[in-house]
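K.L.:
coords please:
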Amino acid sequence: MKLATLRTGGATRAVRLDGEVLVDLGAPDLGALLAQEGWAERAATATGATYPVEGADFAPVVPAPSKVVCVGLNYRNHIQEMGRDLPEHPTLFAKFADALIGARDEIVRPAETDRFDWEVELAVVVGASVRRARGEEAERAVAGFTVLNDITCRDWQFRSREWLQGKTWDSTTPVGPYLVTPDELPGGVRPSLDVRLLVDGEVMQSDSTGDLLFDPVDLVEYVSTIVRLNPGDIIATGTPGGVGHARRPERYLLGGETVVTEIEGIGRLENRVVREKTS
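P.N.:
Model prediction:
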């Protein structure tokens with residue numbers, strides 16, 4: 001299934017893609033749907049109102065997750081381009097829900113940064129409440145996958161050893177448009193998918209999630225050891241090589257660019273970068 005959160009009539013609705021229409025699933029958003037027992041059967045069998053796919057206004061796939069956990073340095077080629085050794089454990093940082101935007105929303109470039117960078121990422125959406133999940137329990141906790149662009153203020157990221165201050169700026173992180181359930185993807189809960197990011201039509205990143213050091217199930221196990229994962233929580237699995245910061249000369253988003261972030265079998269984000277208006 002392909003599921004999403006649609007903006008319509010001043011509210012949001014959880015929907016399922018069915019051909020050229022989106023079917024209402026009887027919940028206000030995907031976070032609320034995933035919190036329901038038997039959510040997958042409900043989503044598969046719902047026969048609610050329909051909305052056209054064409055022109056759909058997608059909200060963040062989960063508008064208000066209880067947590068967004070991100071993984072740094074998880075593709076071998078990106079680790080090498082950043083001059084790092086392969087890590088023994090995942091490098092974790094967080095985002096707040098206020099950073100999230102929809103699949104076609106504008107990315108707001110803060111006035112305080114001169115090094116605004118892109119990062120295509122496969123993101124895990126959690127579908128069950130789990131703590132210290134292992135093996136099959138961790139696999140079952142994966143509701144599906146979506147696309148995320150971990151836009152980063154590099155000058156703020158590297159002010160200290162902690163990365164959060166560069167990673168969670170308001171209205172900078174598109175995520176969506178769809179949650180795709182593992183049964184629709186090659187590799188299931190450990191999918192091997194092509195990922196790509198373009199800026200104004202130029203390919204900046206291109207790789208496969210098969211290059212991940214820590215796969216989605218590994219990450220559910222690791223993160224749930226530390227903190228309870230709840231339905232609708234998001235784990236961004238890291239980015240491959242090709243970020244602007246690692247290029248020579250360095251390249252950054254200035255404002256006015258169109259950034260396309262896409263993952264095979266899941267979907268495409270298309271976002272224009274706009275300069276933040278300050279009074």
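
K.L.:
C-terminal to the lengthiest helix in the chain, what's the next element?
P.N.:
Identified as the longest helix of the chain according to DSSP state H is helix 216-226. Using DSSP states H and E, the next helix or strand after helix 216-226 towards the C-terminus is strand 234-236.

K.L.:
could you spell out the sheet neighbours of that following strand, each with its direction?
P.N.:
strand 68-72 (parallel), strand 120-126 (antiparallel) (DSSP bridges).

K.L.:
what lies in contact with that strand?
P.N.:
Residues outside strand 234-236 that contact it (CB atoms under 8 Å, 6 or more residues apart in numbering) are 62, 65, 67-71, 95, 121-126, 146, 148, 150, 175, 216, 219-220, 223, 229. From N, CA and C alone the C-beta is placed, and that goes for glycine too.

K.L.:
what about 6 Å?
P.N.:
If you take CB atoms under 6 Å, 6 or more residues apart in numbering as the criterion, strand 234-236 is touched by Pro65, Val68, Val69, Cys70, Glu121, Ala123, Val124, Val125, Leu148, Asp150, Leu219.

K.L.:
can you put those in JSON lines and add neighbour count?
P.N.:
Formatted as JSON lines, the contacts of strand 234-236 follow (neighbours: other CB atoms under 10 Å):
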{"residue": "Pro65", "neighbour count": "26"}
{"residue": "Val68", "neighbour count": "25"}
{"residue": "Val69", "neighbour count": "26"}
{"residue": "Cys70", "neighbour count": "28"}
{"residue": "Glu121", "neighbour count": "27"}
{"residue": "Ala123", "neighbour count": "28"}
{"residue": "Val124", "neighbour count": "29"}
{"residue": "Val125", "neighbour count": "26"}
{"residue": "Leu148", "neighbour count": "30"}
{"residue": "Asp150", "neighbour count": "28"}
{"residue": "Leu219", "neighbour count": "24"}
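
K.L.:
which strands or helices does the helix or strand where Glu262 lies pack on?
P.N.:
Element membership of Glu262 [criterion: DSSP H and E] is strand 258-263. In terms of contacts (3 or more CB pairs under 6 Å, 6 or more residues apart in numbering; DSSP states H and E), strand 258-263 is packed against strand 142-149, strand 194-199, strand 267-275.

K.L.:
who wins for proximity to Ala56 among those?
P.N.:
Ranking the helices and strands packed on strand 258-263 by proximity to Ala56 (CB to CB) places strand 267-275 first, at 11.7 Å.

K.L.:
just checking: what are the partner strands of the closest one?
P.N.:
Counting by DSSP bridges, strand 267-275 is paired with strand 107-109 (parallel), strand 258-263 (antiparallel).

K.L.:
highest mean neighbour count out of those?
P.N.:
Mean neighbours per residue, mean count of other CB atoms under 10 Å, is largest over the strands paired with strand 267-275 for strand 107-109, with a mean of 23.
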